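1. Let me see the structure of the following:
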Amino acid sequence: MSNSKGKKKQETISARNRNHASYHEHTTKTVEANEKLYRYLVQLSPNPLFIHSEGKFKFLNEAAVAFFGAKKAEDIMGKLVIDFVHPDYHKQLLRRMKATFEEKRTLPLVEYKMLTLDGKEKTVEIASNPFTYQGKPAAQGTIIDVTKHKKKEEFLRIQRETLAIKIKLEEEKLRTEFIADAMHEIRTPLAIIRGNVDLALGFGKNRKLKSPKIALRAISYEVEHLSRLLRDLTMLTSRGGEFEWENLTDTVDLSKLLEEGVKRTQVLARKMNISVRIPKKIPSLSIKGDKAYMEKLILNLIKNAITYNKKDGWVKVGGSKIGDKAVLTMEDNGIGISEYDLPHIFERFYRAEKMRDPEGKRTGLGLAISKWITEIHGGTIHVISTLGKGSTFTVFLPLLK
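-> Next up is the predicted model:
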């Protein structure tokens, strides 16, 4: 009886062992089949994927083999993962490996610099998640190669910095030229003043000077010219600090300013026997801006058309609407502007030879100021001209909504 019970117990244990062995074999085959399926699916991924365990590469898909610059997976299998990571990122790698293996955490993408077999650096983003491979704790790494993207970003950054430097150099060049031009414009009347002061002080000794009043008139004339020059310089340089942008909030009636501008320039026009008129009725044109500046703009353009006109010439002033823009025009049949000078007429102190004021009353800043006033009001200014036939200045400004 005792032998019979022992025999049955032994048979039961043997049966359990056979079942366990069978289960283990089935489980192993299932795992192997799953791993085989996994490797097959992973090979289809366009992104480099690899599995590492105990700090070493255990599996790489074809994309990963190509990424590391190897010919086959065996060239990398068994090698330490850390040897393929830039030294600057070793600490970060070890922290992430600890989080993956010990804390079983899936880690999001993070930027690394990795090394290929031949030592080339590649900028990548890597995600990592815990994995079991061949019965051992492992981790799967997914690589997104952003080297080209980073190079493009770096290229664009260098381009931006280069452009910024170029702009600063150009601004500095313009600033230097502006100061040099301003000094030149100021030096001339000062020299004339100095000469006439000497003449006045030497009155009596200089027989050619009939009266000190002649010298004093010349001095007075140059002082007026200097005053105009300094006023215009102040207006142009006010953008750097004195100009208050909040002033551009008034409602400005351009129609009225155009009519007033024509009236105010009639005396100047009559001296040169030039007709200044508004040939067509101007519609209501209102903008947001500064009235004083808009008066300056309109007077500058009308006076410019008169000054550089011919005897018995004409100036036509107009205003209209095109879409959401107010359009101001100053047309004349004056001396015109050459093709060579045309691109430069809005530059500070620029005066074409044929446009030089015979009386010396112009500062060379009028059109530069007109352009600045137009632009701070959100507009644009253009000119069409034919040498010997005349010019048309057109200003576009955003209408009041």
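
2. Could you pick out the longest strand of the chain?
-> Ranked by residue count and defined by DSSP state E, the top strand of the chain is strand 121-133.

3. Buried residues, that one. List them.
-> Within strand 121-133, the residues that count as buried by 16 or more other C-beta atoms under 10 Å are 122, 123, 124, 126, 128, 130, 131, 133. No exception for glycine: its C-beta is placed from N, CA and C like everyone else's.

4. pull the CA atoms of that strand into CSV?
-> Extracted C-alpha coordinates of strand 121-133, given in CSV (Å, rounded to 0.1, in the frame of the first residue of the first chain):
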residue,chain,number,x,y,z
GLU,A,121,29.1,63.2,-35.0
LYS,A,122,25.3,63.1,-35.6
THR,A,123,22.7,65.1,-33.8
VAL,A,124,19.7,62.9,-32.9
GLU,A,125,16.7,62.6,-30.7
ILE,A,126,16.2,59.3,-28.9
ALA,A,127,13.2,57.8,-27.1
SER,A,128,13.7,54.8,-24.9
ASN,A,129,11.3,52.2,-23.4
PRO,A,130,11.8,49.1,-21.2
PHE,A,131,11.8,45.8,-23.1
THR,A,132,12.4,42.1,-22.5
TYR,A,133,14.7,40.5,-25.0
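
5. low-scoring pLDDT stretches of the chain, where are they?
-> In the predicted model, the chain carries pLDDT under 70 at residues 1-42, 171, 174-175, 177-182, 184-185, 188, 202-211, 232, 235-247, 349-364.

6. That one: helices as residue ranges?
-> Per DSSP state H, the chain carries helices over the ranges 2-43, 62-67, 90-101, 147-201, 212-237, 254-264, 266-271, 291-307, 366-376.

7. The third one vs strand 121-133, what angle?
-> It stands for helix 90-101. 20 degrees (axes from the mean of the first three to the mean of the last three C-alpha atoms, to 10 degrees).

8. chain center to helix 90-101, what's the gap?
-> 41 Å (C-alpha atoms, centre = their mean, to the nearest Å).

9. cool, and the last one?
-> Centroid separation between helix 366-376 and its chain, computed with C-alpha atoms, centre = their mean, is 22 Å.

10. In it, which residues are buried?
-> 366, 367, 368, 369, 370, 371, 372, 373, 374, 376.

11. What count of nearby residues applies to the nearest residue to residue 105 once chain neighbours are set aside?
-> Using C-beta to C-beta, 6 or more residues apart in numbering and skipping residues adjacent in sequence, the residue nearest residue 105 is residue 99, 4.9 Å away. When neighbours are defined as other C-beta atoms under 10 Å, residue 99 has 16 of them.

12. go on, residue 263?
-> 10.

13. Show the contacting residues for residue 111.
-> 123, 124, 125, 146 (C-beta atoms under 8 Å, 6 or more residues apart in numbering).

14. Spatially, which two of those residues are the most separated?
-> 123 and 125 (8.3 Å; C-beta to C-beta).

15. between the two, what contacts are shared?
-> 111, 112, 146.

16. could I get the residues you listed as CSV with distance to residue 230?
-> Shown next, in CSV, are these (distance: C-beta to C-beta, whole Å):
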residue, distance to residue 230
111, 58
112, 63
146, 58
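
17. Map the structural domains onto the sequence of this structure.
-> 2-149, 155-243, 247-401 (automatic domain parsing).

18. most neighbours per residue, which of the ones you listed?
-> Of the domains of the chain, the one with the most neighbours on average (mean count of other C-beta atoms under 10 Å) is domain 247-401, at a mean of 17.

19. Give me the phi and psi angles of residue 312.
-> Per-residue torsions, residue 312: phi 60, psi 20 (degrees, to the nearest 10).

20. so how far is residue 313 from the closest residue to it other than its chain neighbours?
-> Nearest residue to residue 312, sequence neighbours excluded (C-beta to C-beta, 6+ apart): residue 273, at 5.4 Å. In this view, residue 273 and residue 313 are 8 Å apart by C-beta to C-beta, to the nearest Å.

21. repeat for residue 336
-> From residue 336 to residue 313 the distance is 11 Å (C-beta to C-beta).

22. cool, residue 283 as well?
-> For residue 283, the distance to residue 313 - C-beta to C-beta - is 27 Å.

23. which residues sit in contact with the residue lying closest to residue 397 once chain neighbours are set aside?
-> Excluding its sequence neighbours, the residue lying closest to residue 397 (C-beta to C-beta, 6+ apart) is residue 379, at 3.9 Å. Applying C-beta under 8 Å, 6+ apart to residue 379 gives the contacts 325, 395, 396, 397, 398.

24. So residue 379 versus residue 198, what's the distance?
-> Residue 379 is 48 Å from residue 198, where distance means C-beta to C-beta.

25. Kindly report the same for residue 262.
-> 44 Å.

26. just residue 101 next, same as before
-> The value you get for residue 101 to residue 198, if C-beta to C-beta is used, is 95 Å.

27. cool, residue 170 as well?
-> Where residue 198 is concerned, residue 170 sits at a distance of 42 Å (C-beta to C-beta).
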